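> fold the following.
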Amino acid sequence: MKFIVRLKKLESMISVLLGVMFIAMVLIAYWGNFQYAYELTFLSNALTGLFLLTTTVLKRKGKEIPQILYLDFTVLLFMVFLICIAFISEFTFTGAIFFLHVINPLVLMVYFFLYNDMNKISKVSSVLTIIIMPLAYLVFAVIYGRITDNYIYFFLNYKEKGIAYSVIFVCIVAVGLIAIGYGIFFFNRYLHRKTGKLELDT
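Modelled structure (predicted):
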């Protein structure tokens, strides 16, 4: 418990380190291949790194950061992790690419549970905001596919798979993400209630 308390005091430093690490891994992984910067892996990791750095600065200035945003980014990166697991037999995930798909999402998950308390959120419906960034990327991917004929992910290629297939696949993914988001949300609440009681007892 004392170790966790000490870690919590280092939040600003850890946020900066993670932000720098996320952006550095993106640059290393895509160096010389920035033509693929449209990929969710690139955008999600880069945006998360920028988010951590920006919010650290804002917190130092006394600004309040909505806790739900941390859940949004955690679920976004966790989606990248799930994509890695789903296609692990088809691609080689090594070096910086391994960081982007596995290490970064898991590290952010730990960060989320350590520094963010979902008990501060009164409206449970706020969890639905986790779908905003994936939905925004979906719209981007469809428009990008229409223009370039590269739909990035096979299930978005409605010309080849059919509109019904693409819609059903997207709906299944959306429902799955919402379920995961609520699972993480309530588990976070449970852990912080438990650790809060332990801190009071010590």
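
> point out where this protein drops to low pLDDT.
Counting by pLDDT under 70, the chain has low-confidence residues at 1-9, 89-91, 197-202.

> need the longest helix for it.
helix 163-201 (DSSP state H).

> show me what that helix is packed against.
helix 67-86, helix 104-115, helix 132-148, helix 158-161 (3 or more Cβ pairs under 8 Å, 6 or more residues apart in numbering; DSSP states H and E). For every residue, glycine as well, the C-beta is placed using N, CA and C.

> of the ones you listed, which approaches L50 most closely?
helix 67-86 (10.2 Å; Cβ to Cβ).

> hmm, who's touching the closest one?
40-41, 44-45, 47-48, 51, 55, 91, 93, 100-102, 104-106, 108-109, 112, 115-118, 120-121, 126-127, 129-130, 132-134, 177, 180-181, 184-185, 188 (Cβ atoms under 8 Å, 6 or more residues apart in numbering).

> buried ones in the longest helix of the chain?
For helix 163-201, a neighbour-count test (16 or more other Cβ atoms under 10 Å) marks 166, 169-170, 173, 177, 180-182, 184-185, 188-189, 192, 195 as buried.

> can you give me the neighbour number for Y158?
For Y158, the count of nearby residues is 18 (other Cβ atoms under 10 Å).

> and if you look at T94?
8.

> and it, how close does it get to M79?
For T94, the distance to M79 equals 21 Å [Cβ to Cβ, to the nearest Å].

> repeat that for N150.
20 Å.

> neighbour count for these two, which is higher?
More crowded of N150 and M79, by other Cβ under 10 Å: M79, with 21 against 11.

> quick one on the thing from earlier: for ChimeraX, what selects the buried ones among the contacts of helix 67-86?
To isolate the buried subset of those in ChimeraX, counting by 16+ other Cβ under 10 Å, use the following:
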select :40,41,44,45,47,48,51,55,100,101,102,104,105,108,109,112,116,117,118,121,126,127,130,133,134,177,180,181,184,185,188
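
> now the buried residues of helix 163-201 in JSON lines, with distance to T74?
Shown next, in JSON lines, are those (distance: Cβ to Cβ, whole Å):
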{"residue": "S166", "distance to T74": "26"}
{"residue": "F169", "distance to T74": "23"}
{"residue": "V170", "distance to T74": "21"}
{"residue": "V173", "distance to T74": "17"}
{"residue": "L177", "distance to T74": "11"}
{"residue": "I180", "distance to T74": "10"}
{"residue": "G181", "distance to T74": "9"}
{"residue": "Y182", "distance to T74": "13"}
{"residue": "I184", "distance to T74": "7"}
{"residue": "F185", "distance to T74": "10"}
{"residue": "N188", "distance to T74": "9"}
{"residue": "R189", "distance to T74": "14"}
{"residue": "H192", "distance to T74": "15"}
{"residue": "T195", "distance to T74": "18"}
